[in-house]
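J.: build me a structure from this.
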Amino acid sequence: MKKLIKKILFYGQRLIKSYSTRNFVRNIQIAINGKASILGTSKLILKENEENFTNQLTKNGFVELDNKVDLSVLDSIINFSKKLQLFDPFNRDLGDFTDENIPEKTHVANFRRKDLVQCEDILNIANDPGVLRVVQEFLGGKPTISNINMWWSKAGKSQAKDAQLFHRDVDDIKFCKLFVYLTDVGLNDGPHTYVKGSSSTNKLTKIRRYQDEEIIAAYGEENILYFNRPKGSCFIVDTYGFHKGTLPKDNDRLLLQVQYSINPIGIENYNPSEINHSYDKYINRLILK
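T.: Got it, this is the predicted structure:
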């Protein structure tokens, strides 16, 4: 019954098209949840920039963080990932495979959350105090880590498909995502692409994939931003705004993503891992026991 209710709430919030109405519902929820006391020094955000970062995230739909993830941490995460199995989220019939034998037809090869949460470096990034404080102020209440994802985007495909086309995420009534590049990402390596200011508008609210021409007509080409950045670069994005992972041409792209929301995501099956940790229990309640 609980799973059914969660699914009803999930699909129900997706029907709310008005930005102001979505915020109204958000305000009711956060009034109940309140805020968490998040202490500690951030490795990614300067303390004096946190308020401005929240404002940028609200206004523009994204903010780039002050510091990159240390290269030694990136290497540790990549080495950890080499022993994990991957899958194609858009073609489950392909089964599991490793990063060395990704099927030719696969555009995107995902790792599993239950495996990723075993990596302390990933959990430390997800629980960075500065990130959590900015996210909390953006959401308006206690954040919940509702997903941790990491995937390879494969280069050399003839045509973009699925999330490589412009779309809105409608995962919760209010949410955002932290992106970390684990490989260098040039313009031809599948940069995250975002439409500045689109997260707070009521233009094109039907849930579907959109062609570039439709987005340009609605928002102007000058507002389409390409995040071609070196590995270790981090940015927080309100992916209710239009975005896509551009099809890589030259090199494969490896990206880590942490999702923060007010509620659990209704279509996700959560089985928290039993790990000894000192992270905030409420924020991590869906992924850690």
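
J.: now the helices for the stretch 101-250 of the chain?
T.: Applying DSSP state H, counting those that start in this stretch to the stretch 101-250 of the chain gives helices spanning 113-116, 120-126, 129-139, 212-219.

J.: enumerate every residue touching V195.
T.: Shown in contact with V195 (Cβ atoms under 8 Å, 6 or more residues apart in numbering): 61, 166, 215, 219, 223-225, 241-243. For the C-beta atoms, the positions are set from N, CA and C on the backbone; glycine is no exception.

J.: now with 6 Å, please.
T.: The contact partners of V195, taken as Cβ atoms under 6 Å, 6 or more residues apart in numbering, are 215, 219, 223-224, 241-242.

J.: highest neighbour count among those residues?
T.: F242 (27 neighbours; other Cβ atoms under 10 Å).

J.: what pLDDT does it get?
T.: On pLDDT, F242 comes in at 98.

J.: check contacts around it.
T.: 166, 195, 198, 215.

J.: for the contacts of V195, which one is nearest R92?
T.: Nearest to R92 among the contacts of V195: F242, at 26.9 Å, using Cβ to Cβ.

J.: quick one: the contacts of F242 as TSV, columns for pLDDT and distance to P264 too.
T.: Shown next, in TSV, are the contacts of F242 (pLDDT from 0 to 100; distance: Cβ to Cβ, whole Å):
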residue	pLDDT	distance to P264
F166	96	27
V195	98	27
S198	98	25
I215	97	30
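
J.: now, which of the residues you listed sits nearest K3?
T.: Nearest to K3 among the contacts of F242: F166, at 31.0 Å, using Cβ to Cβ.

J.: need the contact list for the closest one.
T.: Per Cβ under 6 Å, 6+ apart, neighbours of F166: 210, 215, 242, 244.

J.: show me where pLDDT drops low in the stretch 1-150 of the chain?
T.: Along the stretch 1-150 of the chain, segments meeting pLDDT under 70 are nowhere present.

J.: re the thing from before, out of the contacts of F166, which sit inside strands?
T.: Secondary structure defined by DSSP state E assigns K244 of the contacts of F166 to strands.
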